[in-house]
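[1] what's the 3D shape of this:
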Amino acid sequence: MPGYLIFEIEVTDEVAWAHYREVAGPIMAASGGRFVLSSDRIESLEGGWRPASISVVEFPTAEDARRFYHSADYQNVVALRQLASCGKGILVDA
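    As a prediction, this is how the structure comes out:
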């Protein structure tokens, strides 16, 4: 069953964010991840949740998503994401 990484992201530095995406994208793809969606067109319906943007990345399994996130390759670029944005992330095992 697929696993999903879901991130609520507010980009704070567009240049650093572009660099992060250049570096992180190939690592994610090599780990079997693919974007299901990434959007800043969000309408709050309940609870006052107003994320700046949402990204959903699908992996073949939750273990693949976990392995990607905790991999040395990805952990080496997490600081780039944190420099370029603030946010929250979860792993969903479908």
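[2] how about residues contacting stretch 28-42?
    4-5, 50-60, 64-65, 67-68, 71, 74 (CB atoms under 8 Å, 6 or more residues apart in numbering). Glycine gets a C-beta too; all of them are placed from N, C-alpha and C.
[3] the residues you listed, buried ones only, as a ChimeraX selection?
    Buried members of these, defined by 16 or more other CB atoms under 10 Å, are picked up in ChimeraX with:
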select :4,5,51,53,54,55,57,58,59,64,65,68,74
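[4] in strands only, show me the contacts of stretch 28-42.
    Y4, L5, I54, S55, V56, V57, E58, F59 (DSSP state E).
[5] the second one pairs with what?
    With DSSP bridges as the criterion, the beta-bridge partners of L5 are V57, L91.
[6] which positions in the longest helix seen in the chain come out as buried?
    Assignment by DSSP state H gives helix 14-30 as the longest helix of the chain. Of all the residues in helix 14-30, those buried under the rule 16+ other CB under 10 Å are A16, W17, Y20, A24, I27, M28.
[7] G87 and R66: what is the separation?
    18 Å (CB to CB, to the nearest Å).
[8] what's the answer for L80, then?
    20 Å.
[9] between those two, who's got more neighbours?
    Set L80 next to R66 and count neighbours by other CB atoms under 10 Å: L80 wins out with 18 against 15.
[10] that one touches E22, doesn't it?
    No - in this structure L80 lies outside contact range of E22 using CB atoms under 8 Å: 9.5 Å.
[11] neighbours around the closest residue to R50 other than its chain neighbours, how many?
    Distances taken as CB to CB, 6 or more residues apart in numbering put S44 closest to R50, at 5.0 Å, once the chain neighbours are dropped. Using other CB under 10 Å, S44 is surrounded by 9 other residues.
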